[in-house]
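K.L.:
mind folding the following:
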Amino acid sequence: MPPDSKQPLQRVFSGKPNPRRFLIPRIERRSFFIQFTLLTVLGWVVGGIASTAIEKMIVEVVPSAVLQQKIWYDLAKYFSNCVFALIFGADQTLVLYKYISGWWWMFSTSLGWLIANSVSAEWINYIASITSSFNQSLSPQQIVILGFLSTIAYILSGIWLGFFQWLILRRYTTGACWWIFLPSISFLLISLLVWVLSLMQEFVPAVYRAQVVYLCQQGLTAVVLGAIPAIGLCTLKRNSGST
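P.N.:
Numbers count the residues shown, from 1 in each chain. Predicted structure coming up:
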């Protein structure tokens, strides 16, 4: 065998791995996961406080006769939701801008969140209207079924958020179609955790129960909305042409 016949094989094994094969380099994954999750929690808290303050300000400034009209009430609600979505997306951008376009991520996340929230609310309101249309009290089985349908509507609405985020990620990554369903997985996990929390609330003193349950629900929701996408982002592979 010629002495140079092993050169191609040696060249293959001696090649250095591409450190930017993944969207988030391996060496940065731990810090990215922590930062993305914490910033998402921060965005959830700050966005919630800001949107609540804006709603309160609108109620105090705008005459009650105007807000009683559905169109103006919906506009005020939508405006406060826009503020929340922008803050929520902007906080995630603080760590993501090093890897993808921060502006586009903020825009896609805000738009996707607003549409997902609107679709979910419409379906839940529709299911609630079906409930109120019954002239008799509902049986426990019917209550469970309607509650299950509302949860399904909430989970499936996450597809809208995933779709708009995927429109941005596909420019930088390859094989990211599964991202469309990732927010729905987050919403499913949130629903399961909230259900488990509802089973455990009896162990909380009645005096503090409402506050503790609410804070736990909000905290778990924020952590899941940060941790699951962070894990997903760490598994995405970059396009060969992206820089």
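
K.L.:
so the residue minimising distance to the centre of the chain is in which element?
P.N.:
Central residue of the chain (Cα atoms, centre = their mean): residue 225, 4.6 Å from the mean position. Per DSSP states H and E: residue 225 is located in helix 209-235.

K.L.:
so what's the residue nearest to the centre of the chain up against?
P.N.:
Counting by Cβ atoms under 8 Å, 6 or more residues apart in numbering, residue 225 touches 40, 44, 186, 190. For the C-beta atoms, the positions are set from N, CA and C on the backbone; glycine is no exception.

K.L.:
buried ones in the one helix or strand the last one maps to?
P.N.:
Using DSSP H and E, residue 190 maps to helix 182-200. In terms of neighbour count (16 or more other Cβ atoms under 10 Å), helix 182-200 has its buried residues at 182, 183, 184, 185, 186, 187, 188, 189, 190, 191, 193.

K.L.:
chain center to stretch 164-178, what's the gap?
P.N.:
From the chain centre to the centre of stretch 164-178 is a distance of 16 Å (Cα atoms, centre = their mean, to the nearest Å).

K.L.:
mean confidence score for it?
P.N.:
Across stretch 164-178, pLDDT averages out at 95.

K.L.:
kindly export that stretch (C-alpha atoms) in PDB.
P.N.:
C-alpha atoms of stretch 164-178 as PDB (Å, rounded to 0.1, in the frame of the first residue of the first chain):
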ATOM      1  CA  PHE A 164     -43.700  33.900  14.200                       C
ATOM      2  CA  GLN A 165     -40.500  33.100  16.100                       C
ATOM      3  CA  TRP A 166     -39.700  30.300  13.600                       C
ATOM      4  CA  LEU A 167     -39.900  32.900  10.700                       C
ATOM      5  CA  ILE A 168     -36.900  34.600  12.300                       C
ATOM      6  CA  LEU A 169     -35.000  31.500  13.400                       C
ATOM      7  CA  ARG A 170     -35.100  29.800  10.000                       C
ATOM      8  CA  ARG A 171     -32.900  32.600   8.600                       C
ATOM      9  CA  TYR A 172     -30.100  31.600  11.000                       C
ATOM     10  CA  THR A 173     -30.700  27.900  11.700                       C
ATOM     11  CA  THR A 174     -31.500  24.700   9.900                       C
ATOM     12  CA  GLY A 175     -34.100  22.100  10.700                       C
ATOM     13  CA  ALA A 176     -36.000  24.300  13.000                       C
ATOM     14  CA  CYS A 177     -39.600  23.500  11.900                       C
ATOM     15  CA  TRP A 178     -40.200  21.800  15.300                       C
END
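
K.L.:
which residues touch that stretch?
P.N.:
23, 99-101, 104-105, 108-109, 111-112, 115, 179-180, 183, 236-240, 242.
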